[in-house]
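[1] Could you look at this predicted model? Sequence included:
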Amino acid sequence: MEIEQGRVGFPGASFNDAFADDPSALFAWGEKDWLVPARFEHHVTRALTTSQSVVLADCGQVPQCELPELTSKLIREFIGTRTLAA
């Protein structure tokens, strides 16, 4: 499998191509995440216009472990706002 800068992980597919249908998605960014910094948020929200993005204070790379109650609440609320595709 070819991996290049700006590629999803397979030849010929860019990040934007992978999400061409612009699906709904929730991104929870840890304010203290050094691996995928919260400042990357604007790239995702620009590419996925129907996505929701939340930056969590006092959180690093793994919000589901560091802030499990808040993460669970955000996921439940997000799912509750979605309608199932026919």
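    Perfect, thanks for sending it. Numbering: from 1, shown residues only.
[2] C-alpha only now, for contacts and for neighbours.
    OK.
[3] Could you tell me which ranges of this structure sit under the pLDDT cut-off?
    Along the chain, the model assigns pLDDT under 70 to residues 1-23, 82-86.
[4] can you give me the helices in it?
    Along the chain, the segments classed as helices by DSSP state H run 15-18, 41-47, 63-66, 68-80.
[5] between those helices, which gets nearest to Lys32?
    Taking C-alpha to C-alpha, helix 63-66 is the member of those nearest to Lys32, at 10.5 Å.
[6] got a list of what Gly30 touches?
    Each residue near Gly30 by C-alpha atoms under 8 Å, 6 or more residues apart in numbering is listed here: Pro37, Ala38, Val55, Leu56, Ala57, Asp58, Cys59, Gly60, Gln61, Val62, Pro63.
[7] Buried by neighbour count, from the residues you listed: which ones?
    Buried by 16 or more other C-alpha atoms under 10 Å: Ala38, Val55, Leu56, Cys59, Gly60, Gln61, Pro63, out of those.
[8] Distance to Thr49 for those residues - can I get that in CSV?
    Formatted as CSV, the buried ones among the contacts of Gly30 follow (distance: C-alpha to C-alpha, whole Å):
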residue, distance to Thr49
Ala38, 17
Val55, 17
Leu56, 20
Cys59, 24
Gly60, 24
Gln61, 23
Pro63, 23
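[9] if I look at Trp34, how far off is Phe78?
    25 Å (C-alpha to C-alpha, to the nearest Å).
[10] Neighbour count: those two, which is higher?
    Phe78 (14 against 10; other C-alpha atoms under 10 Å).
[11] Is it correct that the more buried one is in contact with Leu26?
    Yes. Using C-alpha atoms under 8 Å, Phe78 makes contact with Leu26 at a distance of 7.0 Å.
[12] okay if I get the helices of the chain as a markdown table plus distance to Gly30?
    Shown next, in a markdown table, are the helices of the chain (distance: least, C-alpha to C-alpha, whole Å):
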| stretch | distance to Gly30 |
| --- | --- |
| helix 15-18 | 21 |
| helix 41-47 | 11 |
| helix 63-66 | 7 |
| helix 68-80 | 11 |
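[13] which residues touch Ala25?
    Ala25 sits next to Leu48, Thr50, Ser51, Gln52 when contact means C-alpha under 8 Å, 6+ apart.
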